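Asker: 3D model of this:
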Amino acid sequence: MIIFGTPTSGLFRVPQAGGVATQLTKPDASLGEIGHARPWFLPDGRHFLYLTISGKVDYEAVYLATLDSKERKRLLAARQAAAYAPPAAGSENGHLLFLRDSTLMAQALDPKRFELAGDSFPVAEQVGSFLALGFFSVSANGVLAYRSGSFGGNPQLVWFDRGGKSLGTLGQPADYYGGLALSPDGKRVAVGELDPAGNRDIWLLDVARGVHTRFTFDALSATPIWSPDGTRLVFNSTSREIRESGGLVP
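Answerer: This is a model prediction of the structure:
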């Protein structure tokens, strides 16, 4: 099952194999909720976390819900989405990871009762964020990745090996945003980029030659994802013409 949403709607569910999307959650207008965003499945595949987007900052929070019930549980106040880290070896509880200002915090979450336990504690300082997105994530085996610093500027893409050693740069510094995806064959990188005119489009970087090619031209595209065979890109776009073209890679 796939869950998705936008900052101005509730969450929707659709089978992994495809089909009609059905609404899963609805914003609570009495709490000033505008939308629900950034769902995160827990290991049982039924429970999930999500963030409420509200016109009242004090009401923005991380909630716990399930696929088969309309009930939900408020876990904590937050302005960015949370993530779940599975239990470490020898531990029964996993941890809820969330931002408090720029500090990445963790608090034990009972995987059976789905309740927070004990006190929260800091994990990393000066972790960046942008709107509802905190610049951190955690894998199914508990490996944590995070980025320090704020959103914006002209970052440089850098290759690293699995040991964290820098192997070199890719392309020139640019105002990258909205996701980065390496093609399955490792020969191209699709990345969102903001140009000097304010256009937000997806560009393709040739890894071997360093050639930088514009892929979309609607000025409002982001978050590219490659198809398994590397011949197509799926991405967000507000342009009807681009969506109808199917996003074929030239």
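
Asker: pretty sure residue 175 is touching residue 194, no?
Answerer: Yes. Between residue 175 and residue 194 there is a contact at 4.1 Å, judged by Cβ atoms under 8 Å. C-beta: built from backbone N, CA, C; applies to glycine.

Asker: Give me the more crowded residue out of these two.
Answerer: Taking neighbours as other Cβ atoms under 10 Å, residue 175 and residue 194 compare with residue 194 leading, 18 against 14.

Asker: State the number of residues packed around residue 199.
Answerer: Neighbour count of residue 199, defined by other Cβ under 10 Å: 15.

Asker: how close does it get to residue 88?
Answerer: Using Cβ to Cβ, to the nearest Å, we find residue 199 at a distance of 45 Å from residue 88.

Asker: Over to residue 51?
Answerer: Distance, residue 51 to residue 88, by Cβ to Cβ: 25 Å.

Asker: With residue 189 instead?
Answerer: 33 Å.

Asker: These two: who's more crowded?
Answerer: Neighbours per residue (other Cβ under 10 Å) separate residue 189 from residue 88, with residue 189 holding more: 20 against 11.

Asker: So that one sits against residue 179, correct?
Answerer: No. In this structure, residue 189 is not within contact of residue 179 by Cβ under 8 Å, at 10.9 Å.

Asker: To what extent is residue 213 buried, counted in neighbours?
Answerer: The number of residues packed near residue 213 is 10, by other Cβ under 10 Å.

Asker: Verify the contact between it and residue 203 for me.
Answerer: Yes. At 6.5 Å, residue 213 and residue 203 qualify as touching, with contact defined as Cβ under 8 Å.

Asker: average pLDDT for stretch 90-101?
Answerer: Averaged over stretch 90-101, pLDDT sits at 90.

Asker: Sorry, wrong one. I was asking about stretch 177-196.
Answerer: 87.

Asker: Contacts made by it with the rest, please.
Answerer: Here stretch 177-196 makes contact (Cβ atoms under 8 Å, 6 or more residues apart in numbering) with 151, 157, 170-171, 174-176, 200-208, 215, 221-226, 228-230, 233, 235-236.

Asker: mind redoing it with 7 Å?
Answerer: 170, 174-176, 200-208, 215, 222-226, 228, 230, 233 (Cβ atoms under 7 Å, 6 or more residues apart in numbering).

Asker: If burial is judged by neighbour count, which of the residues you listed pass?
Answerer: Neighbour counting over those (16 or more other Cβ atoms under 10 Å) leaves 170, 174, 176, 200-205, 207, 215, 222-224, 226, 233 as the buried ones.

Asker: And the furthest pair within those residues?
Answerer: The distance between the two most remote of those (Cβ to Cβ) is 22.9 Å, for 200 and 207.

Asker: in this protein, what spans have low per-residue confidence?
Answerer: 57, 149-153, 219, 238-250 (pLDDT under 70).

Asker: ok, 50 please
Answerer: Residues of the chain that meet the criterion pLDDT under 50 lie in 240, 242-250.

Asker: give me every residue that touches the residue nearest to residue 129 when sequence neighbours are not counted.
Answerer: Closest residue to residue 129 apart from its sequence neighbours, by Cβ to Cβ, 6 or more residues apart in numbering: residue 80 at 5.1 Å. Taking Cβ under 7 Å, 6+ apart as the criterion, residue 80 is in contact with 99, 129, 132-134.
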